[in-house]
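In: Structure of the sequence below:
(chains A and B)
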Amino acid sequence: MTGEDSRSVAAAIDIGSNSIKMTVARPDGAGGIEQIDWASEVVRLGQGIDQTGVLDQERMDAAIAALTRFEAQARERGATRLVAVATEATRSTENGPAFMERVQQETGISVRVIDGLEEAALTFRGLSATTDVSGRLVVADIGGASTELIVVNDGIMLGARSIPLGSGRITERFVLSDPPTLDELASSEGEADAVVQRAAKSLKLPRGQGARLVIVGGTGEFMAKLVPDEGAIAFNDVKNVLAKLGVLTAAELADIIEAPEARARVLPAGVAIVAAIANRVQPVRIEIARSGIRVGLLIDAFSGRPISTKAMPAPAKSPRRGKVTTEQVETESGSKNPGSGQEPAFRAVMRTLIGQRWTAVWKAIPAALEGTDIEGVHDVRVASRRLRAAMDIAAPVFPPGWYTPLHREAKQITSALGEVRDRDVLLVALQADRENAPVTEHPGIDRLIGRIESERVTARAEMERYLSLLLKGPLKKEIERRFENAASASEQRGHAQRREK
Amino acid sequence: MSRAWPVHNVDASAPVLVNARRVLGVRIAEYYSYEPVVGHPELSLALHDLRISTKRLRYTLELFRTEFGDEGERQIDRVKAVQETLGDLHDHDVRIEMIGDELSRLMLEQSRETRAAIAEASPDTLASIATAALRPPPDDPRRGLIALLGREHGKRREAYQRFRELWDAYAGEGMRADLVALSTNPPRGQDRV
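Out: Predicted coordinates:
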C-alpha cells in the first residue's frame, strides 16, 4: 500500500433492493479499514420488480435523491474516491441500465452493476476482515431481491450462488397483512425453503456438519435486536422471533428495531429466509456480521486491487503436495520445450489420460450447445465426471497451484449442466406419463410441464453462457498446453524411444 | 454430495499398476462404506451418495482398464448395472421432489384465491365458495399432480426393489471379494509389478 493510500479516505456505496448504504473509511494500516462515517436510507428500489420487470419511477427518484445526499456527505468527510455498486434490482430489470445512466448524469457517481458471484466474493472479502472464517461456515447475505449463499471452509470460498430470494420479494408475494398472519409467515418460509433447497444441491450446502451460519445484511442486524443473546443464536431463537413478528405491526416493530416502518415491513420475510436457510444447514450456531460488501469494496479500493471475482483467497497449501513444483512439472513434461524432459511414469500416464478426458469434454460440448438431442448435455456431464475421476486420483502428483484451478473447473462443468439435465429427464418422463394418464389429470401435469420447461429455458441460457465462455476463453488453451499437447509430446517421445530400442 | 475419499499413497514415480491398485482399494472401501444404507429405501440422500461413489468406482476401473484386464471388464459391467438401478431411483427422487414442490405452490395459490374470494363475497355466496374449495372441479390441476405423485412413489418402490435385488445377487456372487482381489493381485496371466 502506498503512503498516499494510507492517508486517503474513500466511500463505498451499495445500491440494494431495500436500502442504499454508504460507508466512509480510511485504511487502518493492517489491510483493513477504519470507519469514519456511514449512511443508510430505505428506498425500496426493488419494489414491484417481480410484477412489472422494471424499476418504479418514484423509487428511482428517491434513490437519486439519496445518492445526491450521500455524495455530499462523503465529500464533506474528506473522501477522495467513491466506489458504487448496484445489485439484483438493477441487474434484473429492463430499465436498470437507463437508471445507471441517469445516476451518472444527475449525481456524477459512476455505478457498476455487479453479478451475483461478484457480489458474493465482495461480501466474503469484507466479512473476512472482521469475522473468524476458520472452520466450516455458510454465509447468507440476505438482500431485498436476492440472497447470496457462500460456502466456506477454513477461509477458502468453496462455492457461491446468488438466488432470487429476498425480503422485499417475499413480502410482496406472501405478506399482505399487518401484522403478518401465521399463514403468511408459513408461506414465506415455505417459499424460501423451496428456493434454498434447489440451490443446496448444486452449491453443496453443508447440512448438520458442524457449520456456523453467518448472516450478513440488514435482516441479520435487525433480527439481532429481537433475540435474547446475539452472541448465541440458535434455530429456536429464530423461530421465536418469527412468532413474535406475527403479533407486531410494522409501526410497532419499527419502534423496537429503530428503523423506518418500510424497513420493518419486510423484516418478517427476511427472518423467514433465515429460518429456511438455518433449517437446511442445521448450524451449530447463527452469527450476525456487520461487515460485508462495502467493506470488501473499500479493501479492494485501498489495496489498488481490481475488483473482480478472480481475487478470491488462494487455496490452502498442502505440504504433501508441495513437494512437486510447477517448474519441475513443466520441465519434466516437456511442455516448455517439446521433445525434451523425462517425466515420472505415473504422472506421465495420468497427464495423457487427463488430456484425453479433456478432449472428450471439448468434443461433447457443441452437441450440448446445439440442444437438439437431450443426450448432448448428458454426454458432457458423463465426460466431465470421467475427467474428475482422473483428476481426483492425480491430484497428489501435480503442484496444487498449477493443478487445482483446472481441477475445480472440471467440477464446475458437471454442476453447470446438472439443472438442465434434471429437467430434461423429468420432461421426458412427464410427457410419457401424460400420454397414459386420464384427461382429468392433464391440467395438473401440463402445469408442471409448463413450469419445468420455463425453468429449463433459464437453466439452458445459464449453461450456454458458461459453456460458450469455456470454449472461447483462455482456459481451454491453457489446458491444451498443460495436458493435451504435453500428452501428445510424451507419446511421441515414447514412440521415438521404442524405435531407438 | 459426498466428497471422494482421498488417496494418500499415490506415488508419481511408481508403476501405473501399483498406483491403480492403491486407488481401486480406496474406491472399493468408499463404495462398501455405504453398505449399511442399502437396506433403507427411505435414505434417499445416502443412496444418492452411494450412486456417486459407484460412479467413482466404475470410472477408476475404466481409467485403468488396460491394467485390470478381463477381470476388470467383468467388474465394470457389474458396477455399471448397480449404477443404473441407483440412477433410476435418483430420477424418481428428483421427480417426487419437483411434483411435491409444484403441489405446494398450487395449494398456496388456491388458498390465497379462496381467501380473496371470501373477503369480497356477499353472505349468500359464501357457501358456494366453501363448497368449491372443498370439492374441487374435475379439471382441478391438483388431481393430476396428486395422481402423478402417487405413481412416482410406486415406481420409486419398484426401482428400489430392482436395486436391492441386484445388490444382493452380486453380494451372493462374491463381488466384494472379486473387487478386492483385483486391487491386490496381478491380473491373470500378468505379473507386471
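In: For my notes, confirm A:Ile36 occurs in a strand.
Out: Yes: counting by DSSP: H, G, I helix; E, B strand; the rest coil, A:Ile36 is part of a strand.
In: close enough to count as contact, it and A:Arg77?
Out: Yes: at 5.5 Å, A:Ile36 counts as touching A:Arg77 under the criterion of C-beta atoms under 8 Å. Any C-beta I mention is one placed from the backbone N, CA and C, and that applies to glycine too.
In: what's the overlap in contacts for the two?
Out: A:Val9, A:Val24 (C-beta atoms under 8 Å, 6 or more residues apart in numbering or on different chains).
In: Tell me which helix or strand A:Ala199 sits in.
Out: Element membership for A:Ala199, per DSSP states H and E: helix A:182-203.
In: Contacts (any at all) between chain B and that helix?
Out: Yes: judged by C-beta under 8 Å from any C-beta of the partner chain, helix A:182-203 and chain B are in contact via A:Asp183, A:Ser187, A:Gly190, A:Glu191, A:Ala194, A:Gln197, A:Lys201.
In: Which residues does that helix contact?
Out: Contacts for helix A:182-203 (C-beta under 8 Å, 6+ apart): A:149, A:151, A:159-161, A:163-165, A:170-171, A:173-177, A:180, A:205, A:207, A:242, A:245-246, A:268-269, A:272-273, A:275-277, A:279-280, A:415, A:418-419, B:1, B:97, B:101, B:104-105, B:108, B:111.
In: and after that helix, which helix or strand comes next?
Out: strand A:212-216.
In: Quick check: mean pLDDT of that following strand?
Out: The predicted model assigns strand A:212-216 a mean pLDDT of 92.
In: Show me what it packs onto, helices and strands only.
Out: helix A:116-128, strand A:136-142, helix A:261-281, strand A:286-289 (3 or more C-beta pairs under 8 Å, 6 or more residues apart in numbering or on different chains; DSSP states H and E).
In: Kindly reformat these as TSV containing mean neighbour count.
Out: Converted to TSV, these look like this (neighbours: other C-beta atoms under 10 Å in any protein chain shown):
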stretch	mean neighbour count
helix A:116-128	25
strand A:136-142	25
helix A:261-281	25
strand A:286-289	22
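In: As CSV, those with mean pLDDT would be great.
Out: Shown next, in CSV, are these (pLDDT from 0 to 100):
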stretch, mean pLDDT
helix A:116-128, 83
strand A:136-142, 92
helix A:261-281, 92
strand A:286-289, 91
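In: Let's have the ones you listed in a markdown table, adding distance to chain B.
Out: Shown next, in a markdown table, are the helices and strands packed on strand A:212-216 (distance: least, C-beta to the nearest C-beta, whole Å):
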| stretch | distance to chain B |
| --- | --- |
| helix A:116-128 | 20 |
| strand A:136-142 | 13 |
| helix A:261-281 | 12 |
| strand A:286-289 | 23 |
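In: want to throw those into CSV with distance to B:Pro137?
Out: Below are the helices and strands packed on strand A:212-216 laid out as CSV (distance: least, C-beta to C-beta, whole Å):
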stretch, distance to B:Pro137
helix A:116-128, 42
strand A:136-142, 40
helix A:261-281, 32
strand A:286-289, 45
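In: nearest to A:Glu252, of these?
Out: Proximity to A:Glu252, assessed across the helices and strands packed on strand A:212-216 by C-beta to C-beta, is greatest for helix A:261-281 (8.3 Å).
In: low-confidence ranges in chain A?
Out: A:1-7, A:304-343, A:484-501 (pLDDT under 70).
In: What is the distance between the longest helix belonging to it and the centre of its chain?
Out: Counting residues, the longest helix found in chain A (DSSP state H) is helix A:400-436. Chain-centre distance of helix A:400-436: 18 Å, with C-alpha atoms, centre = their mean, to the nearest Å.
In: So which bits of that helix are buried?
Out: A:400, A:402-404, A:406-407, A:409-411, A:413-417, A:419-427, A:429-430, A:433-434 (16 or more other C-beta atoms under 10 Å in any protein chain shown).
In: Next, the angle from that helix to helix A:182-203.
Out: Interaxial angle of helix A:400-436 relative to helix A:182-203 (axes from the mean of the first three to the mean of the last three C-alpha atoms, to 10 degrees): 120 degrees.
In: So which elements touch helix A:400-436?
Out: Helices and strands touching helix A:400-436, by 3+ C-beta pairs under 8 Å, 6+ apart, are helix A:182-203, helix A:326-333, helix A:345-370, helix A:375-394, helix A:442-472, helix A:474-479, helix B:65-120, helix B:141-173.
In: now, of the ones you listed, which is deepest in the fold?
Out: Mean neighbour counts were compared across those using mean count of other C-beta atoms under 10 Å in any protein chain shown; the top stretch is helix A:375-394, at a mean of 22.
In: Is chain B within reach of that one?
Out: Yes: judged by C-beta under 8 Å from any C-beta, helix A:375-394 and chain B are in contact via A:Arg385, A:Arg386, A:Ala389, A:Ala390, A:Asp392, A:Ile393, A:Ala394.
In: Give me the helices and strands touching that helix, please.
Out: Helix A:375-394 packs on helix A:345-370, helix A:400-436, helix B:44-63, going by 3+ C-beta pairs under 8 Å, 6+ apart.
In: before we move on, back to that, could you export the helices and strands packed on helix A:400-436 to TSV, including columns for distance to A:Leu67?
Out: Below are the helices and strands packed on helix A:400-436 laid out as TSV (distance: least, C-beta to C-beta, whole Å):
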stretch	distance to A:Leu67
helix A:182-203	30
helix A:326-333	47
helix A:345-370	41
helix A:375-394	44
helix A:442-472	31
helix A:474-479	37
helix B:65-120	37
helix B:141-173	46
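In: Just tell me which of these ends up closest to A:Thr23.
Out: With C-beta to C-beta as the measure, helix A:182-203 is the member of the helices and strands packed on helix A:400-436 nearest A:Thr23 (28.0 Å).
In: Any idea how far that closest one is from the middle of the chain?
Out: Worked out by C-alpha atoms, centre = their mean, helix A:182-203 lies 18 Å from the chain centre.
In: what do you get for stretch A:85-104?
Out: 19 Å.
In: and if you look at stretch A:394-414?
Out: 20 Å.
In: and if you look at stretch A:461-470?
Out: That offset, for stretch A:461-470, works out to 16 Å (C-alpha atoms, centre = their mean).
In: likewise stretch B:21-40?
Out: Relative to its chain's centre, stretch B:21-40 lies at 15 Å (C-alpha atoms, centre = their mean).
In: right, is it up against chain A?
Out: Yes: using C-beta under 8 Å from any C-beta, stretch B:21-40 reaches chain A at B:Val23.
In: Which residues outside that stretch are in contact with it?
Out: With C-beta under 8 Å, 6+ apart as the test, stretch B:21-40 has contacts from A:393, B:4-7, B:9-10, B:43, B:46-47, B:49-50, B:53-54, B:56-57, B:60-61, B:64, B:68, B:164, B:167, B:176, B:179-180, B:182-184.
In: tell me the contacts of the nearest residue in space to B:Ile76 that is not next to it in sequence?
Out: The spatial neighbour of B:Ile76 that comes closest, neighbours along the chain excluded (C-beta to C-beta, 6 or more residues apart in numbering or on different chains), is B:Leu61 at 4.9 Å. Taking C-beta under 8 Å, 6+ apart as the criterion, B:Leu61 is in contact with B:Leu24, B:Phe68, B:Gly72, B:Gln75, B:Ile76, B:Val79.
In: All set now, cheers.
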